[in-house]
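Student: When you get a sec, could you give me coordinates for this:
(chains A and B)
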Amino acid sequence: MSEAWSKARSAYEQTPIPEELDFAVASAVRSGNRRRSRRRAIHRSLTAALASCACFVLLVNASPTFAQAVSDVPVLGSLARVFTVKEYTVEDREHLIDVRLPALDLDGNSDLEQRINSEIQTRIDQVLQEAEDRARETKAAFVATGGDPDEFMPIIISVDYEIKCQTNQYLSFIITKTETLASAYSEYYAYNIDLQAGRELTLRDVLGPDYVELANEAVRAGIAQRSQDPDNVYFEPGEGGFTSIDQDQTFYLNQAGNAVVGFEKYEIAPGYMGMQEFEIPLPGAAK
Amino acid sequence: MEQTTHQQLTDYIVAHQEDFYRLAYSYVKNRDAALDVVQESIVKALSKSDSLRKPEFLKTWFYRILLNESMNYYRHNRRLVSLEEEGLPETAAPQGDHAARLDLYAAIDRLDSREQAIIRLRFFQDMKLEDIAQVTGTNLNTVKSRLYKSLRKLRELTGEECSYE
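Tutor: As a prediction, the model looks like this:
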């Protein structure tokens, strides 16, 4: 090995390793494992669900007792509510697409069910189409500026969903789309359904007529609290920071049934802060 | 079976965390950013570890994720910097002036990010060319021709003979 190389190599090896690395790695391992088990749990239940699908349908139809029993079991009940209609992966030179598309099954309210399902379908189709177009353009630009097509890093697009809240009264789930290009951009769409009233839920329904005030207060309090950590930075209200929630603010209900409003990356804080979410306590429970 | 692959991956990550950090740092040149990149890669790898069918590809698979994350950060960040700051001083290979020539380590940063990857994996991490091809998602011949091109560039930048053997 030439001297220049051994010098370069030792310079490389002398990159100081921060003390936090151990901790950072350990916490990343934990959170990676958590995400994995979530995926697996869903995956496993899906496989099982698929396998038993035919007989499941048959039994529900044939035996009122069985149908009754199934809807009493919370886990099976939830499987009957939101299930994956489409799961596919596309991999080519331009992109890697990974999609799990949910559909809703509301017994007794096929209007709402159809409306939401077709909305999900249209929205995801559109989002995917845009993402694919973008991937193609990016690649064309990359090649046009002298890049070797073989070296283009495929753009990773993934669509997935997560059920946030499921009770007898409410069903809340979000669909996330992540596009990894120069950096990862995630967007999510939330669906909140009042099962008993058979319609979509608004923030107003959850928080009452003062919902804007309540939500703004909770978000401001959340920002103030998180800002105490000097690592957390939010944009000032004057420079594009948080001023008020939107009329059609994205939100979902969490396990506790509280509304959680979300802001996308860059919306109210620098990108490294990622997506920001704030839980809004219900008016009754606030004080 | 899956459990053991996942376990192997976890062990591998923990055992080689410093290598990952160095590689990430060599792109992002910032301690916090490098930590971020390493964390992000680990979370991604572990949460998708079920798509890794063959444990023998574990190493190249993880490096591929790490490299993607590093380059993504690097590209994105470079774009942000160039808007606000004057950009890096132009020091590309002054001809004939020996004192002003770059040393090899600094010269590597002048290569494009794909070339940097090949040089670092080959010479600093002792990775085989076949493995590098897998990490970078190209074929062996592309890796070879890239490597020779990079070495030629490095020779121009440093004025030294950089052939490895």
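Student: Closest residue of chain B to chain A?
Tutor: Here chain B gets closest to chain A at one residue, B:Leu46, 2.7 Å apart by Cβ to the nearest Cβ. C-beta: built from backbone N, CA, C; applies to glycine.
Student: So that residue is in contact with A:Ser37, correct?
Tutor: No: with contact defined as Cβ atoms under 8 Å, B:Leu46 and A:Ser37 do not form a contacting pair (10.0 Å).
Student: Remind me what the helix or strand the residue of chain B closest to chain A falls within packs against, helices and strands.
Tutor: Assigned by DSSP states H and E, B:Leu46 belongs to helix B:31-47. Helix B:31-47 sits against helix A:20-51, helix B:2-15, helix B:17-28, helix B:58-84, with contacts defined as 3 or more Cβ pairs under 8 Å, 6 or more residues apart in numbering or on different chains; DSSP states H and E.
Student: what's near enough to touch the residue of chain B closest to chain A?
Tutor: By Cβ atoms under 8 Å, 6 or more residues apart in numbering or on different chains, the contact set of B:Leu46 is A:Ala28, A:Val29, A:Gly32, A:Asn33, A:Arg35, A:Arg36, B:His6, B:Leu9, B:Thr10, B:Ile13.
Student: Likewise for A:Tyr189?
Tutor: So A:Tyr189 contacts A:Arg123, A:Ile174, A:Ile175, A:Lys177, A:Thr250 (Cβ under 8 Å, 6+ apart).
Student: I'd like the list of those residues that fall within strands, please.
Tutor: Those of the contacts of A:Tyr189 mapping onto strands are A:Ile174, A:Ile175, A:Lys177, per DSSP state E.
Student: tell me the centre residue of chain B?
Tutor: By Cα atoms, centre = their mean, chain B has its centre lying nearest to B:Ala117, at 3.3 Å.
Student: For that residue, which non-adjacent residue is closest in space?
Tutor: Distances taken as Cβ to Cβ, 6 or more residues apart in numbering or on different chains place B:Leu67 nearest to B:Ala117, at 5.6 Å, with adjacent residues excluded.
Student: just the helices and strands packed on helix B:31-47: most buried one?
Tutor: When the helices and strands packed on helix B:31-47 are scored by mean count of other Cβ atoms under 10 Å in any protein chain shown, the highest mean neighbour count falls to helix B:17-28 (a mean of 22).
Student: for the record, mean pLDDT for that helix?
Tutor: Averaged across helix B:17-28, the pLDDT comes to 92.
Student: just the CA coordinates of it, formatted as PDB?
Tutor: Extracted C-alpha coordinates of helix B:17-28, given in PDB (Å, rounded to 0.1, in the frame of the first residue of the first chain):
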ATOM      1  CA  GLN B  17     -21.600   1.100  14.300                       C
ATOM      2  CA  GLU B  18     -18.300   3.000  14.200                       C
ATOM      3  CA  ASP B  19     -17.700   2.000  10.600                       C
ATOM      4  CA  PHE B  20     -21.200   3.300   9.700                       C
ATOM      5  CA  TYR B  21     -20.700   6.500  11.500                       C
ATOM      6  CA  ARG B  22     -17.300   7.200   9.700                       C
ATOM      7  CA  LEU B  23     -18.800   6.500   6.300                       C
ATOM      8  CA  ALA B  24     -21.800   8.700   7.000                       C
ATOM      9  CA  TYR B  25     -19.600  11.400   8.400                       C
ATOM     10  CA  SER B  26     -17.400  11.400   5.400                       C
ATOM     11  CA  TYR B  27     -20.400  12.500   3.400                       C
ATOM     12  CA  VAL B  28     -22.200  14.900   5.700                       C
END
